[in-house]
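Visitor: What shape does this take:
(one chain, ligands or ions: 2)
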Amino acid sequence: MDKLIITAALTGAEVTRDHNPNLPITPAEIAEAAYDCYRAGASIIHLHVRNEDGTSTQAADVYKKTIDLIEAECNVIIQVSTGGAVGMSAEERLQPVYLKPEMATLSTGSVNFGDDVFMNPPAYLEEFARVMQEQGIKPEIEAFDVGMINNALQLAKKGLVQEPLHFDFVMGVPGGIPGTVKNLLHMAESIPPESTWTVAGMGRTELPLGTAAIILGGHVRVGFEDNIYYTKGVLAESNAQLVERIARVADIHSRPVASPDEARKILGLPVS
Ligand code: KMH
Ligand code: ZN
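Guide: Ligands and ions are numbered 1, 2, ... in the order given. Next comes the predicted model:
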């Protein structure tokens, strides 16, 4: 098995300080959280950013400021979100991609998202994949349900994404595939064998699905975007606390954690 890549999803677009007062918001707070997660074992930072009032933004200048602060402290892989927040236009969502980060997310289908709909019609998929290809960015294919894997394979057939593909199984979103180990197995068995994958389990599914991924040879995403609790009814103190716990689970299972450069090698990214 490869070493374990831990992704820290620090803020997302929907979580607020009312949900968890420890949510990082400003570029400095997000960069500090990223560094703490790196020290706890994260090698990828899945990045969303916020306006000063805490609302979600995809503005390139806020991303740039945040990325510069993170890169001044550590060499984690920066993976910008192109999902942004529900309701954003394609143009709005694509802004951080032009900063040429190493990775960006590519959601390959629409999904009900609580009371909303996270829109990813076929034209978006092709446009987003094309822009990422032009900018030399490796996509992390976000599959909120099993049919989205097939959409990604169609993009590969059209030459819009390069194999081996890297997937993130986003599980337990109300409207998407439920976060069970049985479903995780089905997702993992539905991708081409040379692909890599990680799992982002929402809420209380984060820890069991992460543990299953460690055992199965997948990778794991944790963080406030997906889960604000440490245990039932107890809010997490920080993103790093969630990273530290999954790194501990990996250690218990004799699965060493990958450094950022080791993660780059696993994902086929250039190591400078
Ligand atoms: N905020 C969600 C609607 C991504 O980062 O690419 C979408 C999302 C996915 O967070
Ligand atoms: Zn995200």
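Visitor: Contact residues of the stretch 1-150 of the chain facing ligand 1?
Guide: Residues of the stretch 1-150 of the chain lying close to ligand 1 (CB under 6 Å from any ligand atom) are 12-14, 81-83, 85-86, 105, 107, 113, 118, 142. Glycine gets a C-beta too; all of them are placed from N, C-alpha and C.
Visitor: Out of those residues, name the ones that lie in helices.
Guide: Using DSSP state H, no member of these falls within helices.
Visitor: show me where the chain has strands.
Guide: According to DSSP state E, the chain carries its strands in the segments 6-9, 44-47, 49-50, 56-57, 77-80, 103-107, 111-113, 116-118, 138-143, 166-171, 196-201, 219-222, 229-231, 234-235.
Visitor: which one of those lies closest to His186?
Guide: Evaluated with CB to CB, the strands of the chain place strand 166-171 nearest to His186, the distance being 9.7 Å.
Visitor: partner strands of the closest one, parallel or antiparallel?
Guide: Next to strand 166-171 in the sheet, as set by DSSP bridges, lie strand 138-143 (parallel), strand 196-201 (parallel).
Visitor: Distance of the closest residue to ligand 1 within the stretch 1-150 of the chain relative to Ser190?
Guide: In the stretch 1-150 of the chain, the residue that lies nearest ligand 1 is Gly83 (2.4 Å; CB to the nearest ligand atom). Applying CB to CB, to the nearest Å, the value for Gly83 to Ser190 is 21 Å.
Visitor: So for those two, which residue has more residues nearby?
Guide: Between Gly83 and Ser190, counted using other CB atoms under 10 Å, the more crowded position is Gly83 (25 against 16).
Visitor: which residues sit in contact with the more buried one?
Guide: Ala13, Arg93, Thr105, Ser107, Phe118, Glu142 (CB atoms under 8 Å, 6 or more residues apart in numbering).
Visitor: Now do the same contact list for the closest residue to Ala200 other than its chain neighbours.
Guide: Counting by CB to CB, 6 or more residues apart in numbering, Arg221 is the residue found nearest to Ala200 once chain neighbours are left out, at 4.1 Å. By CB under 8 Å, 6+ apart, Arg221 lies in contact with Ile6, Thr7, Ala8, Ala9, Ile44, His46, Asp168, Thr198, Val199, Ala200, Gly210.
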